[in-house]
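J.: Got a predicted structure plus its sequence, pasted below:
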Amino acid sequence: MDGFKRVLLLGTGPAAVQQAVLVKNAFHCEAGIAGRVSSRSELFMAALRTSGNRLSSKVQNESHRLMAGECCLDQVFHGYDTATGKWDTVILNVTADAYLNVLRSLNRDLLAHVKCILLISPTLGSNSLVHNYIQETGLEAEIISCSTYLGDTRWVNGKPSSSVLTTAVKRKLFIGSTQGKSPSINRLTELYRQVGITLEFMSSPLEAESRNISLFVHPALFMNEFSLNTLFRQRPEIKYVYKLFPEGPITYGLIHEMSECWKELLTIFEALNLKSINLLKFMTEDNYPVRAESLPQSSIDSFMSLEPIHQEYLLYIRYASLLIDPFSEPDSEGRYYDFSAVPIQPVFINRDGAWDIPRMPKEDYYRTKIIQGLARHLKLSSPIIDTFIDRYEQQLMFSSHLLQGQKLSEAFQAQDFSEDIQLICSYF
């Protein structure tokens, strides 16, 4: 039975647009999209109305041309609770911390028909979380976890619209399912193969989720004094996530903490019987490659056996080598595409008139708290992960004090995510 005849995408960000174009054109299916009610989603919905529900994806590099295309959505729902119909597959394009809230917002009759739920960018344990919820509600569905989103996709003009630009595509993704190597896994593997991405099947969804690069790099990139000051408006000028200091947060000290975080994660993986990861190889071969002139293959292959100072040196070189897209075509002045120019987005006032925190690092806070919860459940020490969380929560407290008397979203409150952690840890 084909589980991709009717596909409902949840979420209205750039990734959802790119996924919709891929799925609609590859599977020739009926496709719908649903999103929450917010000021940003309203811009997207307005653009859809103008375009007649037509979406388009463009690419930065000619080598990624297979990702480009257009499609016309069959149904659009403004508000998850308004979604209706019988859908074979649901694709969750929302942040991992929103999975339960989004699923709980859907009509139960809609969920009862769903045979497959695909998690596009889960965190460690997300599959267990969703699977537990589906079982508790007495429903049955295959839950599939991808390791992460397939690349880097942005709005064409910097704000929500019906058109996106994919600037980078990963070479390889990892995938795992509650039903093993199912027909849905085979269909997805073929879909990704057609656009030049290897989809490697893993023995479990948790194994696939452990191959999410954000687990290893985002805590260090966002939970440092430089990034937090920029995020919470203590540093009003524009700064960039992936640039070296002073344009961005990347310093030798940050790379050291990133390396230590990787080692703490490997300890957790070992306790969960997950395979170890060569961080440098994972970054370059499975995510964004750099030229051999910058990082020779011998250095990548020997990374695990090197002294810590040598490992940190190579990690620094990797980030320096991706300040520009080394595989893009230079312009008439010899300048390559500024790949690292991803601004650190500051706090903002949302549709409800409350101060809110952007997806990065709000999602990374959730992701890191889940990892900390797993470490504590497994009785493992995680001093660097604890430091990241302490820094972030102290900044929340400080910023809440500065904004006292103004309306704040719940994102400004330190949270324990105890329900999610308990549901996840009940599997281990």
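T.: Thanks, I have it. Numbering: from 1, shown residues only.
J.: Show me the strands in the stretch 201-350 of the chain, by range?
T.: Taking DSSP state E, counting those that start in this stretch as the criterion, the stretch 201-350 of the chain carries its strands at 348-349.
J.: Could you chop this structure up by domain?
T.: 6-209, 213-425 (automatic domain parsing).
J.: Let's have those in a markdown table, adding mean neighbour count and mean pLDDT.
T.: The C-beta positions use only the backbone N, C-alpha and C, and glycine is treated the same way. As requested, these are arranged in a markdown table below (neighbours: other Cβ atoms under 10 Å; pLDDT from 0 to 100):
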| stretch | mean neighbour count | mean pLDDT |
| --- | --- | --- |
| domain 6-209 | 19 | 94 |
| domain 213-425 | 17 | 95 |
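J.: Who is residue 142 paired with across the strands?
T.: Residue 142 forms beta bridges with residue 116, as assigned by DSSP bridges.
J.: Report the contact partners of it.
T.: Residues near residue 142 by Cβ atoms under 8 Å, 6 or more residues apart in numbering: 3, 115-117, 177-179, 182, 184.
J.: farthest pair in those residues?
T.: 3 and 178 (13.6 Å; Cβ to Cβ).
J.: Would you quantify the distance from the residue nearest to residue 27 when sequence neighbours are not counted to residue 222?
T.: Distance criterion Cβ to Cβ, 6 or more residues apart in numbering; nearest residue to residue 27, sequence neighbours excluded, is residue 4 at 4.4 Å. In this view, residue 4 and residue 222 are 35 Å apart by Cβ to Cβ, to the nearest Å.
J.: do residue 58 as well
T.: With Cβ to Cβ as the criterion, residue 58 and residue 222 are 28 Å apart.
J.: Please apply the same query to residue 243.
T.: From residue 243 to residue 222 the distance is 14 Å (Cβ to Cβ).
J.: what ranges do the helices span in the stretch 251-400 of the chain?
T.: Here the stretch 251-400 of the chain has its helices, by DSSP state H, counting those that start in this stretch, at 252-271, 279-285, 297-301, 308-321, 359-377, 383-402.
J.: just checking, what packs against the first one?
T.: Using 3 or more Cβ pairs under 8 Å, 6 or more residues apart in numbering; DSSP states H and E as the contact criterion, the neighbours of helix 252-271 among helices and strands are helix 213-222, helix 308-321, helix 359-377, helix 383-402.
J.: Identify all contacting residues around it.
T.: 210, 215-217, 219-221, 224, 275-277, 279, 308, 311-312, 315-316, 319, 371, 374-375, 378, 380-385, 387-388.
J.: cool, and the fifth one?
T.: Residues lying outside helix 359-377 but in contact with it, judged by Cβ under 8 Å, 6+ apart, are 95-97, 123-125, 214-215, 218-219, 222-223, 227, 231, 241, 264-265, 268, 272, 345, 381-382, 385-386, 388-389, 392, 411, 415-417, 420-421, 424-425, 428.
J.: swap in the last one?
T.: Contact partners of helix 383-402, identified using Cβ under 8 Å, 6+ apart, comprise 219-220, 223-225, 228, 231-232, 257, 260-261, 264, 347, 361, 365, 368-369, 371-372, 375, 408, 412-414.
J.: immediately after it, which helix or strand?
T.: Reading on from helix 383-402 to the C-terminus, the next helix or strand found by DSSP states H and E is helix 418-425.
J.: Check the offset of that next one from the chain's centre.
T.: A distance of 20 Å separates the centroid of the chain from that of helix 418-425, by Cα atoms, centre = their mean, to the nearest Å.
J.: Repeat that for stretch 3-19.
T.: 15 Å.
J.: cool, and stretch 173-192?
T.: 19 Å.
J.: Endpoints of it, how far apart?
T.: Stretch 173-192 has an end-to-end distance of 9 Å (Cα to Cα, to the nearest Å).
J.: cool, and stretch 296-314?
T.: Span of stretch 296-314 from end to end, Cα to Cα: 10 Å.
J.: Please shift the residue numbers so they start at 608 in all later answers.
T.: In the new numbering, first residue 608, that becomes stretch 903-921.
J.: And the contacts of that stretch?
T.: 859, 862-863, 866, 883, 885-888, 891-892, 902.
J.: got the contact list for the residue lying closest to residue 642 once chain neighbours are set aside?
T.: The spatially closest residue to residue 642, leaving aside those adjacent along the chain, is residue 619, at 3.4 Å (Cβ to Cβ, 6+ apart). Contact analysis of residue 619 by Cβ under 8 Å, 6+ apart lists 640, 642-643, 647-648, 651-652, 767.
J.: I appreciate the help and will end here.
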